[in-house]
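> Pasting the sequence and the predicted coordinates here, then a few questions.
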Amino acid sequence: MVQPNPDPTLLAAQQLLAAAQFASEKHARQKRKGAEGAPYINHLLEVASLVAQAIDQPDTNLIMAALLHDTVEDTATSPEELLSRFGPDVAHLVAEVTDDKSLPKQERKRLQEEHAPHKSPRAQTLKLADKISNLRGILYSPPADWDYARKKEYFAWAKRVVDGFAVPNPRLKAEFEKTLSKFDGVVRP
């Protein structure tokens, strides 16, 4: 007997929930660096929401990659595990935005600037949403040990990365600029 084709909307919802559950399990014990110590999954959900609101056409794999974007970098998840669970497109998107944690922090930051123009448009969308979320975190719940100069440098570095994007998502770019502009009004020396 031939199975009926599943409803594409239902299938997309099931895939997104599977990615969200996987991410929540992998990041279960992690907290954001901010003073509030928010559960890490909040960041992943914010990035996925920013991506979903900024794209014109449905792209389940891009939203799944937003949920999973830090799994390889920050947990014991391998690229092969993402490939087998979520397919080559999602695994490739995550790989495209993953930093090599074996490198020193300053080198990773330098490479983000250098590689920004060469990212695919979808990876640029994902990275831009991630930067917005990170800036919001610094504005409203910064790490307790970050002084004014460190916050200002992070904002300047994030701007250099985003300015390097060849084809930034226009909605996210506008939101990034809006978030960036709040620095002087919110952060005090």
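Looks like it arrived, so ask away. Source: prediction; values computed, not measured.
> Which positions in stretch 53-71 come out as buried?
54-55, 59-71 (16 or more other C-beta atoms under 10 Å). (Each C-beta comes from the backbone N, C-alpha and C, glycine too.)
> what bits of this protein have low per-residue confidence?
Within the chain, the segments meeting pLDDT under 70 span 1-4.
> That one: helices as residue ranges?
8-26, 40-54, 60-68, 71-74, 79-97, 105-115, 121-140, 148-163, 170-181, 183-186 (DSSP state H).
> Compare the ones you listed and report which one is nearest to residue 33.
The closest of those to residue 33 is helix 121-140. By C-beta to C-beta, the value is 7.6 Å.
> just the angle between the closest one and helix 148-163, please?
160 degrees (axes from the mean of the first three to the mean of the last three C-alpha atoms, to 10 degrees).
> in helix 121-140, what counts as buried?
Buried-residue list, helix 121-140, by 16+ other C-beta under 10 Å: 122-139.
> Point to the residue nearest the middle of this protein.
residue 130 (3.3 Å; C-alpha atoms, centre = their mean).
> which ones are touching the nearest residue to that residue once chain neighbours are set aside?
Spatially, and ignoring its direct neighbours in sequence, residue 130 is nearest to residue 47 (5.3 Å; C-beta to C-beta, 6 or more residues apart in numbering). Contact partners of residue 47, counting by C-beta atoms under 8 Å, 6 or more residues apart in numbering, are 66, 67, 69, 126, 129, 130, 133.
> For residue 119, give me the backbone phi and psi.
As for residue 119, its main-chain torsions (degrees, to the nearest 10) stand at phi -70, psi 150.
> quick one: it and residue 165 touch, right?
Yes: taking contacts as C-beta atoms under 8 Å, residue 119 lies within contact range of residue 165: 7.0 Å.
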